[in-house]
Every structure is written in structure tokens, then in C-alpha cells.
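K.L.:
Okay, sequence plus prediction incoming.
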Amino acid sequence: MAFGGGGGGTRRWGWGDRGDGARAEAQAAKDAAATAFYELDTAQRDLRISVETIAAVDDSPAARKATSDFAALGRRIDEVSHTYISAVDSYDLDRDDLDHGTASRARQELQQATNGLEKVRSDLNHFAHGLGPLLDQAESQLARLAPAVERARQALLAATTALDEVRGKGFQADDLAARLAGLGPELTKLNEGAGRHGVQETIHRAVGVQRDAEALRSEAVQLPQRAEEIDRRLVSLRTRAQALATRAEKVKPVLSELRRRFALACWRDLQEVPDRAAQAVTEAEEKIADASRARREQRWPDAIALLASVRALLNQTDEAVDATRDRLHRLDAVEKDRSSEVNRTRFAIRDAQRLAMAGRDRPDPRHAGPLDAAVARVDRAEAALTGRHPDYWSFLEELEAVRETVAEVVQAIRAERGAGTAR
């Protein structure tokens, strides 16, 4: 129905109001959809940074799942975004001839697009909340990255400076220089950054470079002290070798007295001590000369190894020389009074027997047997001391072996009783 207007024109009654209202509702739906689209896009961009941070640092199953789940969300975002864009492109809300039905359909489709965008955004927010622990861990790793690399660089600089200083003092330090040069490729990789080699690998490399560089610097700083220590050991061992040569010359008179006063069995194993001692002193002096040459040529490991060999050789020879004098002293003592060794051994046996009987009516055969045998062994050893030159050395060795057997029985008794108390 049309009515005439005051200006002679005509219009449909009520149509403009209803059309304008539908257009406004559609426009409001469009604005709401645009806001939802913008907020979803922003959230996706922010979350992508977090996921990429995690992926760069963490290769765990949880991290890989997070990347996969985010990719799936991305596909859903693409779908709802396409729906939104299609709805916007399908309707021109600014057309003059936009009818009520078209505006209503536009509003409905745009509202549906908004609902889809908001639903995915809600899921995205839930996903982001679940990333918290992984992201915290990844950010912690990233926070370690720069300081670790810087510490490695500073350690290399300190090592280089220390090496330059000792070389300035006349030390070659070729081995240290070679090791420092070997760290060059690692420094290159550190400079290439985590983007190429990964965060964890870069941190691991930085820690390794720092450790090696600090060790190198320490060795460089200690090089003068090492040289001084080698010099002191050279002097000390040279003096010790000379003193041992003098002591070795006194072995022959001691051995001569042993031969004169005691049976062959008492000194037979010591006959070669003088010759072995002389040979050892000669060998030690040769090694000392080699060590001195290695010191001059700054072959520090060789010098240290040679000095250690000299020390071991002198220790062994010292023991052999001392054993000769000690043998004479012990044989003198037992010749004058054998009862002291016998009483000492019998006392050890009686003490063990009392322990074996403690808290028992009769001893355990496992303990009584060895102790009874020990008594018999002492009797036999004492009875064997006959003739003009008794074998005192076999006597001493047998009594010492008896005491060792008795000590083993005592240890076994105490171990068994200790185990019983524990139970």
C-alpha cells in the first residue's frame, strides 16, 4: 500500500524502518565477527611464538605433541577464518537496495562465524594454559643460553691471555697452543648461534668450551710452578740416589756377617742385594739425566714420568737395602732370646682361644681346628731350632705365619657374631 506525500512522491509505509533495523543488526554482527577474528588471529600469533620457543629447545614427546596439537588448531582456525571471510564477502551491507531478508541472512551467517571463531579461540586459550610447564622450561633454557655462550668466550679469552703470558716467560707450551687452536671450530659454531645448531646443543657446546678453556688456562698458569717442582724433584732424587749408593756399599759387610754367623737359609735370598742396588743406582742416575734433558726441552709429561720411575726404583732399592740390615737385627734378637717371639705368638693363640670359648661350652670346630694346629706349629718351629747354626729365619717366618692364621680366625669369629647381633 502506498500513500502520497506532501511533495507528490510516494513510499512504502514501514519498509524503510524495518530495512534499516536489519541492516544495523547485520552490521553489528559483522563488527562482532571482525573483533572475534582479530582476537583469534592475535592469540594464534602469540601462541605460535610460544610453540616455536618450545620446539627450538625441547625435543621430548610432550613438546612434539604440543607442536602437533597446535598445527591441528591451526587447521581449525583456517576453517573458521574461511567461513568468516566468506560471510563478509557474500554481503554488501552498504548497498542502498539491501532488503530485509538479505540483511537477516547476513546477520545470521556472521553470528555463526563469530560463534565458530570464539569457540576455537576458547580451545586455543585452553591449549595455551596447558603449555605453561613446557614453556617455563624452554624459557629457562633460553635464559641460560646467552650467559653460557658469554662465559665460554670469556674463558677462551682468559686461556689465550694466560698462554701468551707464559710464552712471554720463555715457555714453549706447544701442547697447550695446539689444544687452544682445537677449540677454534667450537667457537665458530657458538658464533653461528642456536638458530643453526639448536639451543640445547649450543648450551652443551658452550659448557664444554668453558670447561676445556678453564682447564687450559689453569695448566698455563701452573706451568712455571710445574717447572720449579720438576727442578726440585730432580735435585732431591739426584741427592737421594747418591745417598743410596753410599748405603748400598754398606750392605756387603752386613751380608758378610750374616754368612759368618747364620745358616744359608737365613741370608740366601739377600745375596744379590749389593749388585742389584748398584745396578738400580746406575739406572736411576741415567733416568735422572733423561728427565733433566726432558725438562730442558720442556717435555713435561716425559720428565714427570721419568721422575716417577726413578722414585719407584729408589723406593724398591731402599727396601732391599733396609731388609738386609733389618734381617741381621731380627736374627740377632732371636739368637739371644727366642722366647720373646714364642711368647708373643702363644699369647695371640690363647687370646683367640678365649674369644672362641666366650659364651660357649665348647668351641666351634671351624675355629678350634686352626687354633689347635697353630699350637702344634709353634711347638714344631721351636723344636726345629737345633744344631750349631739353627734356621732362625724359617723360625721367624713360621711364627709370623701362625700369627696371621690366628688373626684370620679372630676376624671370622667377630664377623659371625656381628652378623648374629645384626639379625
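P.N.:
Received, thanks. Residues are numbered from 1 along each chain as shown.
K.L.:
My read is that residue 331 contacts residue 392, right?
P.N.:
Yes: taking contacts as Cβ atoms under 8 Å, residue 331 lies within contact range of residue 392: 5.2 Å. In this view, the C-beta of every residue, glycine as well, is placed from N, C-alpha and C.
K.L.:
Could you pull out the residues contacting both of the two?
P.N.:
Residues touching both residue 331 and residue 392 by Cβ atoms under 8 Å, 6 or more residues apart in numbering: 262, 266.
K.L.:
For the stretch 101-250 of the chain, which segments count as helices?
P.N.:
Using DSSP state H, counting those that start in this stretch, the helices of the stretch 101-250 of the chain run over 132-168, 174-182, 184-192, 194-197, 199-249.
K.L.:
same for the first one, what does it pack against?
P.N.:
Counting contacts by 3 or more Cβ pairs under 8 Å, 6 or more residues apart in numbering; DSSP states H and E, the secondary-structure elements packed against helix 132-168 are helix 15-57, helix 61-90, helix 174-182, helix 184-192, helix 199-249.
K.L.:
Now mean neighbour count and distance to residue 156 too, for these, in TSV please.
P.N.:
Output for those, formatted as TSV (neighbours: other Cβ atoms under 10 Å; distance: least, Cβ to Cβ, whole Å):
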stretch	mean neighbour count	distance to residue 156
helix 15-57	16	25
helix 61-90	15	32
helix 174-182	14	8
helix 184-192	13	6
helix 199-249	17	5
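K.L.:
so which of these gets nearest residue 377?
P.N.:
Ranking the helices and strands packed on helix 132-168 by proximity to residue 377 (Cβ to Cβ) places helix 199-249 first, at 36.2 Å.
K.L.:
so what does the closest one touch, helix or strand wise?
P.N.:
helix 15-57, helix 132-168, helix 174-182, helix 184-192, helix 194-197, helix 273-296, helix 300-336.
K.L.:
so which of the ones you listed comes closest to residue 123?
P.N.:
Checked against Cβ to Cβ, the stretch from the helices and strands packed on helix 199-249 lying closest is helix 15-57, at 10.3 Å.
K.L.:
and that closest one, how far from the chain's centre?
P.N.:
53 Å (Cα atoms, centre = their mean, to the nearest Å).
K.L.:
still on that earlier bit, for the helices and strands packed on helix 199-249, which one sits closest to residue 219?
P.N.:
helix 174-182 (6.2 Å).
K.L.:
Report the angle between the closest one and helix 300-336.
P.N.:
Orientation check (axes from the mean of the first three to the mean of the last three Cα atoms, to 10 degrees): helix 174-182 against helix 300-336 gives 130 degrees.
K.L.:
And the nearest residue to residue 245 once chain neighbours are set aside, how far from residue 83?
P.N.:
Spatial nearest neighbour of residue 245, excluding adjacent residues (Cβ to Cβ, 6 or more residues apart in numbering): residue 281 at 4.5 Å. Noted for residue 281: a distance of 99 Å to residue 83, by Cβ to Cβ, to the nearest Å.
K.L.:
that older thread, surely the residue nearest to residue 245 is in contact with residue 240?
P.N.:
No: with contact defined as Cβ under 8 Å, residue 281 does not reach residue 240; the gap is 9.9 Å.
K.L.:
Poorly predicted segments of this protein, please.
P.N.:
1-19, 195, 420-423 (pLDDT under 70).
K.L.:
if we can go back for a sec, among the helices and strands packed on helix 132-168, which comes closest to residue 154?
P.N.:
Of all the helices and strands packed on helix 132-168, helix 199-249 comes closest under Cβ to Cβ, at 8.2 Å.
K.L.:
Helix or strand next in line after that closest one, which one?
P.N.:
helix 251-261 (DSSP states H and E).
K.L.:
contact partners of that following helix?
P.N.:
Contacts of helix 251-261 (Cβ under 8 Å, 6+ apart): 266-267, 270-271, 273-274, 277, 321, 324-325, 327-328, 331, 335, 389.
K.L.:
Filter those residues down to just the buried residues.
P.N.:
Buried by 16 or more other Cβ atoms under 10 Å: 266, 267, 270, 273, 274, 277, 321, 324, 327, 328, 331, out of the contacts of helix 251-261.
K.L.:
Closest to residue 290 out of those?
P.N.:
residue 277 (20.4 Å).
K.L.:
quick one: contacts for the closest one?
P.N.:
244, 248, 251, 317, 320, 321.
K.L.:
Now do the second one against residue 306, distance only.
P.N.:
If I follow you right, that is residue 248. 21 Å.
K.L.:
now do residue 102
P.N.:
102 Å.
K.L.:
Ok, residue 274 next?
P.N.:
From residue 274 to residue 306 the distance is 25 Å (Cβ to Cβ).
K.L.:
same deal with residue 390?
P.N.:
Applying Cβ to Cβ, the value for residue 390 to residue 306 is 46 Å.
K.L.:
who's more crowded, these two?
P.N.:
Per other Cβ atoms under 10 Å, whichever of residue 390 and residue 306 has more neighbours is residue 306, with 24 against 18.
K.L.:
Look up the closest residue to the more buried one, ignoring the ones flanking it.
P.N.:
Nearest residue to residue 306, sequence neighbours excluded (Cβ to Cβ, 6+ apart): residue 291, at 3.8 Å.
K.L.:
ok, the one you found - contacts?
P.N.:
Contacts for residue 291 (Cβ under 8 Å, 6+ apart) come out as 230, 234, 302, 303, 306, 307, 310.
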